[in-house]
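> Have a look; sequence and predicted model below, questions after that.
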2 protein chains.
Amino acid sequence: MINKLTEKIKKTNAPVVVGLDPMLSYIPDHIKTAAFEKCGETTAGAAEAVWQYNKAIIDAVYDLIPAVKPQIAMYEQFGLEGMAAFQKTVDYCHEKDLVVIGDVKRGDIGSTSAAYASGHLGKVQVGSKLCSGFGEDFATVNPYLGTDGIQPFIDVCKEEKKGIFVLVKTSNPSSGEFQDRLVDNRPLYEIVGEKVAEWGSSCMGDSYSYVGAVVGATYPEQGKILRKLMPKAFILVPGYGAQGGKGADLVHFFNPDGLGAIVNSSRGIIAAWKQEKYQAKGIAPENFADASRLAVEDMIEDIASAL
Amino acid sequence: MINKLTEKIKKTNAPVVVGLDPMLSYIPDHIKTAAFEKCGETTAGAAEAVWQYNKAIIDAVYDLIPAVKPQIAMYEQFGLEGMAAFQKTVDYCHEKDLVVIGDVKRGDIGSTSAAYASGHLGKVQVGSKLCSGFGEDFATVNPYLGTDGIQPFIDVCKEEKKGIFVLVKTSNPSSGEFQDRLVDNRPLYEIVGEKVAEWGSSCMGDSYSYVGAVVGATYPEQGKILRKLMPKAFILVPGYGAQGGKGADLVHFFNPDGLGAIVNSSRGIIAAWKQEKYQAKGIAPENFADASRLAVEDMIEDIASAL
């Protein structure tokens, strides 16, 4: 799957992932009204609104981008109905041949991580049959529990040719509280980054490993260091756009081959219709997906001009 | 909810939580056969088997214990159908007036953690209505992203009078890989433990905080230190039984008031019917839930004799 991701990035010339993190406040009223009329002001109604919104955005942008990253929390907040919308979104993105990065940030002790890995990336044995769970292509994983929380994901990645992105240095303001603490005079995120490189060496694709890392666009200096510590790890870069990261901040997340990083934008793309910039171009709420397409094009240009 | 948990522990005299972590291999054949006949060898069949198994165990033990801890990964591995079994389990435990600790180990940046907190512990606004998600009473939370990943959970806990257990020192063998690294000559888990005490001070129940901690029974020395660092935090203690923790290891996880810790056992209870010890007492697979009851009684006695 890392090979497919790399190929698709080259083909689209877009190291870009669209974050499908639908908040109800991003969704135009006409979508919500129709969903609530159909299913009520219930979690089923919310899930229907999320799904219709996602579908329109996917239809508008899928040919421009290699990958999407649905943030499962935004679905999980609506309970079972929300999870069904997550599944529909994953499946629809696969129909459009997009690489799907499940932003699930799971991680637990061995046998439990194995269950998460099966449920999101692999298959599970039921009687004589092998069954699929949610079926994403990549998952984000939390490293706090150490190697025996990560290894079951790696085992499934090898078996299924899928991948993970391990949280190393996250984009949020208080990420430094633990991640920056000095261990042997080096910040913890470097120690984790070295582990990512070590874990990844056992499962290499053609140029990059099945084991990637999450490093926030909001921390470009740290990105530069981590890029060198983990030369074969693809870096998933959140924090671009709404969180403050700019194209110019991203240069050092990439390798000299122009690859090695994929930059996520969520709100900046999926809620672009709410920005004055796109409203000034004549985007009405009914054409929200057109704004998402324009925003993807702008993001690709911003990153290309920076590299 | 921390007050309810404390009251129920006093009433049952059992600082014990039963981990509802159903692996298909734990479930007796007659349950699986019936479920697969009804729903096929599918994720729906697996979910039905899990639900019937859980229900029988809950019916057999609910009067002995204050709380259960379903491990969501074991449901999530079966995709949407598994999540439906998780929801049924949570709801049924509430019917039996059990405190439900969702072992979900979620954690993300601010707005995303807020969505997880709403989905598991709180409510979400849909149009003019407030809707519930999965509706557990407590959730386990991963601290790697720092305060702004934890604060949204605390906000929901205050609003809903619910609680969290933050991962501090986990029970698995490689937990030390990052958690034990020295920061200013102290292991990282102590730094996290201090933060737990700080976070918890803003949301106190009668004697204990809404913010608790996870510390593995497999690390009794660390438990002793952490007990003192976080005097008002309830400690959720995994790793008892199948993972190797014994009653005698648990003494220092408790405060002098005899409270402050709740010990989880999963496999040791729910798969007790597979142990020779209980088979020798005449337990047949059809009476698996009776073995779970005996195992709960034995666990309560083991802990009581150690304290």
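That came in fine, so what should we check first? Residues are numbered from 1 along each chain as shown, chains lettered A, B, ... in the order given.
> all contacts plus neighbour counts: C-alpha atoms, from now on.
Noted.
> May I ask you to confirm that A:Gly19 belongs to a strand?
Yes. Assessed by DSSP: H, G, I helix; E, B strand; the rest coil, A:Gly19 belongs to a strand.
> who's in contact with it?
Residues in contact with A:Gly19 (C-alpha atoms under 8 Å, 6 or more residues apart in numbering or on different chains) are A:Val68, A:Lys69, A:Pro70, A:Gln71, A:Asn264, A:Ser265, A:Ser266, A:Arg267, A:Ile269, A:Ile270.
> pretty sure the fifth one is in a strand, no?
Read it as A:Asn264. Yes. Assigned with three-state DSSP, A:Asn264 falls within a strand.
> which of the contacts of A:Gly19 lies closest to chain B?
Nearest to chain B among the contacts of A:Gly19 is A:Gln71, at 8.0 Å by C-alpha to the nearest C-alpha.
> gap between the closest residue to that closest one other than its chain neighbours and A:Val18?
Nearest residue to A:Gln71 in three dimensions, chain neighbours excluded: A:Asp103, at 4.7 Å (C-alpha to C-alpha, 6 or more residues apart in numbering or on different chains). Taking C-alpha to C-alpha, to the nearest Å as the measure, A:Asp103 falls 12 Å from A:Val18.
> When the two are compared, which one has more neighbours?
More neighbours surround A:Val18 than the other of A:Asp103 and A:Val18, with 27 against 23 (other C-alpha atoms under 10 Å in any protein chain shown).
> For the helix or strand containing A:Thr33, which outside residues touch it?
A:Thr33 belongs to helix A:29-39 when assigned by DSSP states H and E. Identification of contacts with helix A:29-39 by C-alpha under 8 Å, 6+ apart yields A:Thr42, A:Gly45, A:Ala46, A:Glu48, A:Ala49, A:Gln52, A:Tyr53, A:Glu286.
> Narrow those to those in helices?
A:Gly45, A:Ala46, A:Glu48, A:Ala49, A:Gln52, A:Tyr53 (DSSP state H).
> Nearest to A:Ala295 among the residues you listed?
Closest approach to A:Ala295 among these (C-alpha to C-alpha): A:Tyr53, at 16.0 Å.
> just to revisit the earlier point, filter the contacts of A:Gly19 to the buried ones?
A:Val68, A:Lys69, A:Pro70, A:Gln71, A:Asn264, A:Ser265, A:Ser266, A:Arg267, A:Ile269, A:Ile270 (16 or more other C-alpha atoms under 10 Å in any protein chain shown).
> and which of those is nearest to B:Val99?
Nearest to B:Val99 among these, with distances taken as C-alpha to C-alpha, is A:Gln71, at 28.6 Å.
> and the residue nearest to A:Ser175 when sequence neighbours are not counted, how many neighbours?
Nearest non-adjacent residue to A:Ser175, counting by C-alpha to C-alpha, 6+ apart: B:Leu145, 4.9 Å away. Neighbourhood size, B:Leu145 [other C-alpha under 10 Å]: 27.
> contacting residues around B:Leu145?
Taking C-alpha under 8 Å, 6+ apart, one finds A:Thr170, A:Asn172, A:Ser174, A:Ser175, A:Gly176, A:Glu177, A:Phe178, A:Gln179, B:Gly107, B:Asp108, B:Ile109 in contact with B:Leu145.
> Include secondary structure, distance to B:Pro152 and neighbour count when you put the residues you listed into JSON lines, please.
Shown next, in JSON lines, are the contacts of B:Leu145 (DSSP: H, G, I helix; E, B strand; the rest coil; distance: C-alpha to C-alpha, whole Å; neighbours: other C-alpha atoms under 10 Å in any protein chain shown):
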{"residue": "A:Thr170", "secondary structure": "coil", "distance to B:Pro152": "17", "neighbour count": "26"}
{"residue": "A:Asn172", "secondary structure": "coil", "distance to B:Pro152": "13", "neighbour count": "22"}
{"residue": "A:Ser174", "secondary structure": "helix", "distance to B:Pro152": "13", "neighbour count": "18"}
{"residue": "A:Ser175", "secondary structure": "helix", "distance to B:Pro152": "15", "neighbour count": "22"}
{"residue": "A:Gly176", "secondary structure": "helix", "distance to B:Pro152": "18", "neighbour count": "19"}
{"residue": "A:Glu177", "secondary structure": "helix", "distance to B:Pro152": "16", "neighbour count": "17"}
{"residue": "A:Phe178", "secondary structure": "helix", "distance to B:Pro152": "18", "neighbour count": "22"}
{"residue": "A:Gln179", "secondary structure": "helix", "distance to B:Pro152": "19", "neighbour count": "21"}
{"residue": "B:Gly107", "secondary structure": "coil", "distance to B:Pro152": "10", "neighbour count": "29"}
{"residue": "B:Asp108", "secondary structure": "coil", "distance to B:Pro152": "10", "neighbour count": "27"}
{"residue": "B:Ile109", "secondary structure": "coil", "distance to B:Pro152": "9", "neighbour count": "21"}
